[in-house]
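A.B. asks: Could you look at this predicted model? Sequence included:
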Amino acid sequence: MKPADKRAYDKDYANAKKTGKPFFPYAIFKDTIIAGLTVVSIIVLAIVVKVEVGEPVNPATTDFVPRPEWYFYFAFELLKIFANQDVLTPVIMATFMVPNIMIILLVVWPFIDRGPERRIWKRPFAMGLVVIVTGMLCYLTYLGAQTPAGVAKGGLPVSGLDEEATKGMAVYIANGCGSCHMVAGVGAPGPGPDLTNEGAKGWDNAKMVAWLKAPKAPMPSYASLSPADLEALATFVNGLGTKYK
Amino acid sequence: MTTKDIGPKNAVQKGAEGTIDYVDERTGVKTGTRWFLFRNIPAGTSWFQTLGFTAMVVFGMQAITGIILAMYYVPDTRGGAYESIQRITEEVTWGWLVRGMHKWGASVMIIIVFLHMARVFIWGAYKYPRELTWVTGAMLLLLTMFMGLTGYLLVWDQKAYWATVVAVNIFASAPIVGPYIGDILRAGPEFGPSTLSRFYSIHMLVIPAGIATFIGLHLYFIVRLGISEPPWSKRRLRIERDEEDARRKAARERAKELPGAVNYPATWPAKAEEAAR
Ligand code: HEM
């Protein structure tokens, strides 16, 4: 804003104040109504949709899809979108670049948009931005809410399993690997890579067990599984696409 | 500054007024409160301008319900955290309600803060002189999200545990600083007992202190600069109409002053308008 614009605004605002109304009771009246309604709705929600106590923590199993609270769904979905593309080291894009650019833009926005115009219909660019960003956040949150709850509960369409691999598949299903990985089209399309052909990489079981114990984030560590389960899981995953199809 | 009584006053009233005057002489609260409450704001402030206050009230509610929960909660992973949540939900009188309000309050607060921000953005209320009000507000948004992240784990059930594992891993996958952030949040490479107490202390001491500080700054700016006027307030619309009229009038005058320029295209709109009158 140019100094002249600033002075014009100050003068205009001083006028608005002079012809205005006192904060109490005019603003306080509306504030109290809306805040009161909000608190009442929270109490009603708390009464109608009662909180539950879930199952106690057991780091060794996840029999459901691990996913964050709804207000982080958008970050999780971003991760999935970028995870399957190998350009620009995807995970970095999703978890670092995109959110940080958004946060920085959020903080410095008033120093970017400094024009004196405040009328809504005269700021099409800013309004377009509101619609796009809000729409995107809503859509990503909606996608996050859509992720099927129990991915691959009934087993995976993989044949040729021996005893060890059958056990490994059970461990795979019980631990929610399917919420981040896909095998033969079953499971979530990200953020982890498709494991249908994982066997083709030719890892041995020791290497796979080491990975499962200390994987790269965002994949969680499975170090708390029993050694037998880890071994079975490694056998299963290492045979995908080669022995078990 | 003692009150000048007309007729007798009862002793209680006199005592109360005396006390208030005594405190006011030393602190200025009475003057300050009066200045705060009866300062003018632009006429025609809108219902959309109640959202910031509402966010503040919900934060206050979260603080109160949170303090009550903290009276019963035990941040111990080896038998304690989960059990104390169970006790709050199933045994403590009204415990389920307090926990329910705290849980719903968290989601509602995020929605309200987002709507408040949308209102400020759409109105251009972040423009001069309110840029720093916006910056403190942005900090409040981030802190509120962090509140949600650190609070969710405390329930210590399967869903909460895995949700937080995934959320922390999202942070940890950032380059360079990511692994360090992960280690700091987890208090080590793995989720465990220290993770829970760390989250507990961040959730109930560090972030609330941050939010309270930034709300203080935010309010200071708002009171100092005044709340902005709706861009479509009656007063603004009148000014814009007057400006528009003045502009047209000037154009008409100019058209008249150009005798030979009857067919000068720039004057046509003004002429047409005149003819239409
Ligand atoms: C805990 C969160 C927050 C609280 C308690 C809060 C509180 C308030 C209050 C009470 C007002 C007075 C007017 C109104 O109610 O609309 C206000 C105005 C304002 N807020 Fe916030 N706010 C929060 C978050 C934010 C965020 C996230 C932003 C933007 C990034 C923001 C930017 C502003 C600005 C620029 C104003 C001045 C608007 C004007 O003068 O019209 N605030 N805030």
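C.D. replies: Alright, I've got the coordinates.
A.B. asks: for chain B, what's the longest helix?
C.D. replies: helix B:95-123 (DSSP state H).
A.B. asks: Tell me the first helix or strand C-terminal of that one.
C.D. replies: Reading on from helix B:95-123 to the C-terminus, the next helix or strand found by DSSP states H and E is helix B:131-154.
A.B. asks: tell me how far that following helix is from the chain's mean position?
C.D. replies: How far helix B:131-154 lies from its chain's middle: 10 Å, per C-alpha atoms, centre = their mean, to the nearest Å.
A.B. asks: go on, stretch A:36-56?
C.D. replies: Between the mean C-alpha position of stretch A:36-56 and that of its chain there is a distance of 24 Å (C-alpha atoms, centre = their mean).
A.B. asks: same deal with stretch A:130-139?
C.D. replies: 15 Å.
A.B. asks: do stretch A:180-196 as well
C.D. replies: Here stretch A:180-196 is found 17 Å from its chain centre; the criterion is C-alpha atoms, centre = their mean.
A.B. asks: Also stretch B:54-63?
C.D. replies: 9 Å.
A.B. asks: mind listing what's buried in that stretch?
C.D. replies: Of the residues in stretch B:54-63, those scored as buried under the neighbour-count criterion (16 or more other C-beta atoms under 10 Å in any protein chain shown) are B:T54, B:A55, B:M56, B:V57, B:V58, B:F59, B:M61, B:Q62. From N, CA and C alone the C-beta is placed, and that goes for glycine too.
A.B. asks: For the fifth one, give me phi and psi.
C.D. replies: Just to be clear, that refers to B:V58. Dihedral pair for B:V58: phi -60, psi -40, per degrees, to the nearest 10.
A.B. asks: so it touches B:S107, yeah?
C.D. replies: No: counting by C-beta atoms under 8 Å, B:V58 stays clear of B:S107, with 10.2 Å between them.
A.B. asks: still on that earlier bit, list just the nearest of the buried residues of stretch B:54-63 to B:K30.
C.D. replies: Ranked by distance to B:K30 (C-beta to C-beta), the buried residues of stretch B:54-63 are led by B:M56 at 23.4 Å.
A.B. asks: tell me the contacts of the residue nearest to that closest one when sequence neighbours are not counted?
C.D. replies: Computed as C-beta to C-beta, 6 or more residues apart in numbering or on different chains, the closest residue to B:M56 that is not its neighbour in sequence is B:I215, at 6.3 Å. Taking C-beta atoms under 8 Å, 6 or more residues apart in numbering or on different chains as the contact definition, B:I215 lies against B:M56, B:F59, B:L140.
A.B. asks: State the distance from the first one to A:T38.
C.D. replies: Looking back up the chat, that one is B:M56. B:M56 sits 11 Å away from A:T38, going by C-beta to C-beta, to the nearest Å.
A.B. asks: quick revisit: what sits in contact with each of B:V58 and B:S107?
C.D. replies: Looking at what touches both B:V58 and B:S107 (by C-beta under 8 Å, 6+ apart), there is no common residue.
A.B. asks: before we move on, the earlier item: before we move on, which element is the residue nearest to B:M56 in?
C.D. replies: With elements taken from DSSP H and E, the one containing B:I215 is helix B:207-225.
A.B. asks: same question, B:Q13
C.D. replies: Using DSSP H and E, B:Q13 falls within helix B:11-27.
A.B. asks: So which residue is dead centre in chain A?
C.D. replies: Centroid-nearest residue in chain A, with C-alpha atoms, centre = their mean: A:F76, separated by 2.1 Å.
A.B. asks: That residue and B:A163 touch, don't they?
C.D. replies: No: applying C-beta under 8 Å as the test, A:F76 and B:A163 come out as separate, 9.8 Å apart.
A.B. asks: Mutual contacts of these two, please.
C.D. replies: Between them, A:F76 and B:A163 share the neighbouring residues A:R67, A:P68, with contact defined by C-beta under 8 Å, 6+ apart.
A.B. asks: Show me how chain B divides into domains.
C.D. replies: B:50-225, B:234-276 (automatic domain parsing).
A.B. asks: most packed of those domains?
C.D. replies: Between the domains of chain B, domain B:50-225 has the highest mean count of neighbours, a mean of 19, where neighbours are mean count of other C-beta atoms under 10 Å in any protein chain shown.
A.B. asks: end-to-end on that domain?
C.D. replies: 17 Å (C-alpha to C-alpha, to the nearest Å).
A.B. asks: any idea of the mean pLDDT in it?
C.D. replies: Domain B:50-225 shows a mean pLDDT of 91 in the predicted model.
A.B. asks: how about that domain against the ligand, any contact?
C.D. replies: Yes: contact of domain B:50-225 with the ligand is found when judged by C-beta under 6 Å from any ligand atom, involving B:50-53, B:55-56, B:59, B:113, B:116-117, B:120, B:125-126, B:130, B:133-134, B:137-138, B:140-141, B:144, B:215, B:218, B:222.
A.B. asks: How about the contacts made by the residue nearest to the centre of chain A?
C.D. replies: For A:F76, the set of contacting residues under the criterion of C-beta under 8 Å, 6+ apart consists of A:R67, A:P68, A:G144, A:P191, B:V166, B:I170.
A.B. asks: redo that, cut-off 6 Å
C.D. replies: The neighbours of A:F76, taking C-beta atoms under 6 Å, 6 or more residues apart in numbering or on different chains as the test, are A:P68, A:G144.
A.B. asks: coming back round to it: quick one: distance of the longest helix of chain B to the chain centre.
C.D. replies: 10 Å.
A.B. asks: Can you list the helices and strands that that helix packs against?
C.D. replies: Using 3 or more C-beta pairs under 6 Å, 6 or more residues apart in numbering or on different chains; DSSP states H and E, the elements in contact with helix B:95-123 are helix A:23-48, helix B:51-72, helix B:81-90, helix B:131-154.
A.B. asks: between it and helix B:51-72, how many degrees?
C.D. replies: 150 degrees (axes from the mean of the first three to the mean of the last three C-alpha atoms, to 10 degrees).
A.B. asks: A:P68: neighbour count?
C.D. replies: Each residue near A:P68 was counted by other C-beta atoms under 10 Å in any protein chain shown, and the total is 23.
A.B. asks: and it, that's in a helix?
C.D. replies: No: per DSSP: H, G, I helix; E, B strand; the rest coil, A:P68 lies outside any helix segment and is coil.
A.B. asks: So what does it have for phi and psi?
C.D. replies: Dihedral angles for A:P68 - degrees, to the nearest 10 - are phi -70, psi 180.
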